[in-house]
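**Student:** Prediction below, plus the sequence it came from.
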Amino acid sequence: MKILVAGKGGTGKTTVSALLSHFFCSSGHDVLALDTDSTPNLAMSIGVSPDISKSIVPLVKNEDLVEERTGARPGESWGVFFNLSPEVEDIVEKYGIKIKDKLSLLVVGSIDSAKQGCLCPAIALARSLLKHILLKNDQIVIVDAEAGAEVFGRGLAEDFDYMLCMSEPTLRSLEISKNLIRMADELGIRNNVLVVNKVVDEERAIRLVKRVVPGVRSFFVGYDPEMSSYEEEGLSVERYPKNSPVVVGVRRMFDLLFGR
Ligand SMILES: Nc1ncnc2c1ncn2[C@@H]1O[C@H](COP(=O)(O)OP(=O)(O)OP(=O)(O)O)[C@@H](O)[C@H]1O
Ligand SMILES: [Mg+2]
């Protein structure tokens with residue numbers, strides 16, 4: 001199963017991706033978490049030590065790897081021929097970071113070709129990798145996406161079984177989510193779920209959701225005032241207190257959506 005965690009910037013994509021990865025893993029699944037953000041920070045949340053997190057080079061920024069697989073170095077002048085379908089079979093094994101027995105993280109980096117030139121070798125590598133990984137059915141793949149709608153414009157989102165659209169409980173944020181959900185629907189993602197995060201007044205949030213995005217399956221995750229201290233302490237989501245509104249809310253969603 002492939003799950004895309006998308007949404008506006010700062011809405012909780014990374015936090016939810018990390019928590020879901022651990023929940024799936026502890027319920028016996030083989031999980032691969034992919035960070036495709038341009039400023040990847042899933043590593044810290046998922047449980048890679050701060051020192052190692054800082055030293056991770058996203059695949060698309062690994063110039064030697066990109067050159068080895070595509071035949072061209074990132075940034076080389078236009079007109080250079082390169083392999084558009086590079087070999088990626090061994091990449092998860094070689095570059096994946098093992099968090100625990102059945103949980104690995106792969107930091108891909110941004111697949112936003114608008115920023116890098118649409119036919120750049122690094123993007124060819126990232127696309128080929130995502131395509132390959134998405135064909136595997138025996139594991140759970142969770143993708144922490146770049147903020148915004150970019151992910152829907154790159155032909156990368158079609159293969160997902162679920163899109164969790166992260167939002168904040170404000171009119172503006174929900175309007176953006178409505179748009180993202182429409183795009184995901186159009187791409188044929190069957191299960192598009194709204195996750196309203198940082199909720200202080202749940203009744204009010206429910207009313208707003210009914211008004212702005214009626215008819216969409218929605219979950220509500222409470223605001224945790226301690227989140228910034230967890231971050232300052234460099235805690236992975238596994239070490240958040242079990243009664244944190246974030247842990248409780250995401251767990252409830254996990255059980256309802258994916259619990260058997
Ligand atoms: N339920 C919550 N209560 C309080 N703070 C939260 C909650 N969820 C997330 N946060 C905080 O909001 C900030 C953004 O969260 P996170 O990094 O998970 O979002 P994101 O969507 O991945 O952001 P970006 O778009 O920058 O990648 C973080 O500082 C995080 O600690
Ligand atoms: Mg993030």
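**Tutor:** The structure has been received and is ready for your questions. Numbers count the residues shown, from 1 in each chain. Ligands and ions are numbered 1, 2, ... in the order given.

**Student:** From now on I want contacts and neighbour counts done on CA atoms only, so please keep to that.
**Tutor:** Fine.

**Student:** Is the residue of the stretch 51-200 of the chain found nearest ligand 1 in a helix, a strand, or coil?
**Tutor:** At 4.0 Å from ligand 1, residue 198 is the closest residue in the stretch 51-200 of the chain, using CA to the nearest ligand atom. Following DSSP: H, G, I helix; E, B strand; the rest coil, we place residue 198 in the strand state.

**Student:** quick one: pLDDT of it?
**Tutor:** Listed pLDDT for residue 198 reads 98.

**Student:** Isn't it up against residue 168?
**Tutor:** Yes - using CA atoms under 8 Å, residue 198 and residue 168 qualify as a contacting pair, with a distance of 6.3 Å.

**Student:** out of these two, which sits in the more crowded spot?
**Tutor:** residue 168 (23 against 20; other CA atoms under 10 Å).

**Student:** could you list every residue that touches that one?
**Tutor:** By CA atoms under 8 Å, 6 or more residues apart in numbering, the residues touching residue 168 are 11, 174, 196-199.

**Student:** If any of these are buried, put those into a ChimeraX selection.
**Tutor:** Here is the ChimeraX command that selects the buried residues among these (16 or more other CA atoms under 10 Å):
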select :11,174,196,197,198,199
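
**Student:** now, which of the contacts of residue 168 sits nearest residue 43?
**Tutor:** residue 11 (17.5 Å; CA to CA).

**Student:** That closest one contacts residue 199, correct?
**Tutor:** No - look at residue 11 against residue 199 with CA under 8 Å: they stay out of range, at 11.1 Å.

**Student:** and the helix or strand harbouring residue 205 with ligand 1, contact?
**Tutor:** Assigned by DSSP states H and E, residue 205 belongs to helix 202-212. No - judged by CA under 6 Å from any ligand atom, helix 202-212 stays clear of ligand 1, getting no closer than 12.4 Å.

**Student:** What is the subsequent helix or strand relative to that helix?
**Tutor:** strand 218-222.

**Student:** what about the chain, any weak spots by pLDDT?
**Tutor:** 76-79, 112-119, 134-138, 153-158, 260 (pLDDT under 70).

**Student:** quick one, strands of it?
**Tutor:** 2-7, 31-35, 97-100, 103-107, 140-144, 162-167, 191-199, 218-222 (DSSP state E).

**Student:** Same list (those strands) but as TSV, adding distance to residue 74.
**Tutor:** What follows is these, written out as TSV (distance: least, CA to CA, whole Å):
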stretch	distance to residue 74
strand 2-7	27
strand 31-35	20
strand 97-100	24
strand 103-107	17
strand 140-144	24
strand 162-167	31
strand 191-199	35
strand 218-222	40
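
**Student:** Cool, thanks, signing off.
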